[in-house]
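*Asks:* dropping the sequence and predicted coords here.
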Amino acid sequence: MERLLAERVSADAKDGNGCPALARAAGAGHLDALKLLRRHGANLDAADAHGTTALMAAAYMGEADCAEALLEWGADKDAARHHDSWTALHNAAGNGQLECTRLLAGAGGPGQEGQQVG
């Protein structure tokens, strides 16, 4: 990945299915790849054709370290998929990912204090 980025391949490149590199890395738990893509200017809220973002992918797969990093960097926790309006929190809770559910439920929003869950 470093070589591709050094050769000026976009950090926002998408695979053959239209999934951004950041979302693939987040869903697979590759925190180092997330950091690398961020350093090269990847859009934290880039989405696939369904509206699935990196934060949603991390939440769905239970990759709490990746979800936490994305939140700290400013990823939009309220972004929603096009076909069902699910957010990252819906994805985490709907897939039984308790750690990510707690993280996202406690993230708060603009002007809000985060709330602890459970």
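*Replies:* Received it, and whenever you're ready, just let me know what you need. Quick caveat, the model's predicted, so the values are computed rather than measured.

*Asks:* going forward, measure contacts between C-alpha atoms and count neighbours the same way
*Replies:* OK.

*Asks:* so what's the residue count around the residue nearest to residue 44 when sequence neighbours are not counted?
*Replies:* Once flanking residues are discounted, residue 44 sits nearest to residue 75: 5.4 Å by C-alpha to C-alpha, 6 or more residues apart in numbering. Residues within reach of residue 75, counting by other C-alpha atoms under 10 Å, total 19.

*Asks:* then residue 72?
*Replies:* 10.

*Asks:* contacts for the helix or strand harbouring it next, please.
*Replies:* According to DSSP states H and E, residue 72 maps onto helix 64-73. Residues from elsewhere that reach helix 64-73 (C-alpha atoms under 8 Å, 6 or more residues apart in numbering): 26, 29-31, 34, 44, 54-55, 58-59, 77, 99-100, 103, 107.

*Asks:* isn't residue 58 up against residue 30?
*Replies:* No - contact criterion C-alpha atoms under 8 Å: residue 58 and residue 30 do not qualify, at 9.8 Å.

*Asks:* out of those two, which sits in the busier spot?
*Replies:* Set residue 58 next to residue 30 and count neighbours by other C-alpha under 10 Å: residue 58 wins out with 30 against 16.

*Asks:* element containing the more buried one, please.
*Replies:* Assigned by DSSP H and E, residue 58 falls in helix 54-61.

*Asks:* now do that helix against helix 64-73, angle only.
*Replies:* Interaxial angle of helix 54-61 relative to helix 64-73 (axes from the mean of the first three to the mean of the last three C-alpha atoms, to 10 degrees): 150 degrees.

*Asks:* packing partners of helix 54-61?
*Replies:* Helix 54-61 sits against helix 21-27, helix 64-73, helix 88-94, with contacts defined as 3 or more C-alpha pairs under 8 Å, 6 or more residues apart in numbering; DSSP states H and E.

*Asks:* let me see the contact set for the residue nearest to residue 44.
*Replies:* By C-alpha under 8 Å, 6+ apart, the residues touching residue 75 are 44-45, 55.
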